[in-house]
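Enquirer: need a structure here:
(one chain, ligands or ions: 1)
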Amino acid sequence: MGIFDFLSNKIQDQPQKQSKLKDERKAECPYCRQSLSKVPGVKTKCPHCGEFIFVRTRPKDNARIIVTKDEAGKIDKEWSIVAGVHDNFVAGKKEFAEEKEILRKRFGGKEPSDIDIKWGLLNKQLMEHAQNEDGLHRLQFTR
Ligand SMILES: [Zn+2]
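Expert: From the prediction side, this is the model:
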């Protein structure tokens, strides 16, 4: 499964996310494996070893789990990656839709093909690049 499939599944899943949330928390310390009096709902200190137990949601399957401090840090990082890729994905889609609109007008209302849109976006990037280069040259000339 590609990252985009993964993300679009995630996006589609969002409305039912609450009901589909899996709970894999156990009343067991992730450090010393001793049993706890109850399943932790928030950050809890283990009465046996004194370490802090963290509660996190695993990005890949939305399961609630009990983890160590290190694992919690790793999961936080995974979530920030998911969020970052997701933002880029949405930004890319928006740009694509905008270019489609521009081309549709240019084609007199005719639906542009995906290839036309991709070429349009590529040309736009090349033009922006050329403008930046221009700016650089100008800077050099004024010196
Ligand atoms: Zn413990």
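
Enquirer: near the ion, which residues of the protein show up?
Expert: Applying Cβ under 5 Å from the ion, we find that the chain lies next to the ion at C29, Y31, C32, C46, H48, C49. Any C-beta I mention is one placed from the backbone N, CA and C, and that applies to glycine too.

Enquirer: can you pull out the strands in this structure?
Expert: Secondary structure of the chain (DSSP state E): strands located at 22-23, 44-45, 52-58, 63-67.

Enquirer: and those as TSV, adding mean neighbour count and mean pLDDT?
Expert: Output for those, formatted as TSV (neighbours: other Cβ atoms under 10 Å; pLDDT from 0 to 100):
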stretch	mean neighbour count	mean pLDDT
strand 22-23	11	94
strand 44-45	14	97
strand 52-58	17	97
strand 63-67	17	97
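
Enquirer: let's have those in TSV, adding distance to G120.
Expert: TSV is the format used below for the strands of the chain (distance: least, Cβ to Cβ, whole Å):
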stretch	distance to G120
strand 22-23	43
strand 44-45	54
strand 52-58	39
strand 63-67	42
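
Enquirer: which of those sits closest to R106?
Expert: Closest to R106 of the strands of the chain, according to Cβ to Cβ: strand 52-58, at 45.5 Å.

Enquirer: so what strands line up beside the closest one?
Expert: Using DSSP bridges, the strands paired with strand 52-58 are strand 44-45 (antiparallel), strand 63-67 (antiparallel).

Enquirer: can I get the ones you listed in TSV with distance to E98?
Expert: Conversion of the strands paired with strand 52-58 to TSV gives the following (distance: least, Cβ to Cβ, whole Å):
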stretch	distance to E98
strand 44-45	48
strand 63-67	37
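
Enquirer: closest one to I115 among those strands?
Expert: Nearest of the strands paired with strand 52-58 (Cβ to Cβ): strand 63-67, 41.0 Å.

Enquirer: then the closest one to PDB, C-alphas only?
Expert: Coordinates of each C-alpha in strand 63-67 appear next as PDB, following Å, rounded to 0.1, in the frame of the first residue of the first chain:
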ATOM      1  CA  ALA A  63      -5.000   1.800  18.400                       C
ATOM      2  CA  ARG A  64      -4.700   3.200  21.900                       C
ATOM      3  CA  ILE A  65      -1.600   1.800  23.600                       C
ATOM      4  CA  ILE A  66       0.400   2.000  26.700                       C
ATOM      5  CA  VAL A  67       4.000   2.900  26.100                       C
END
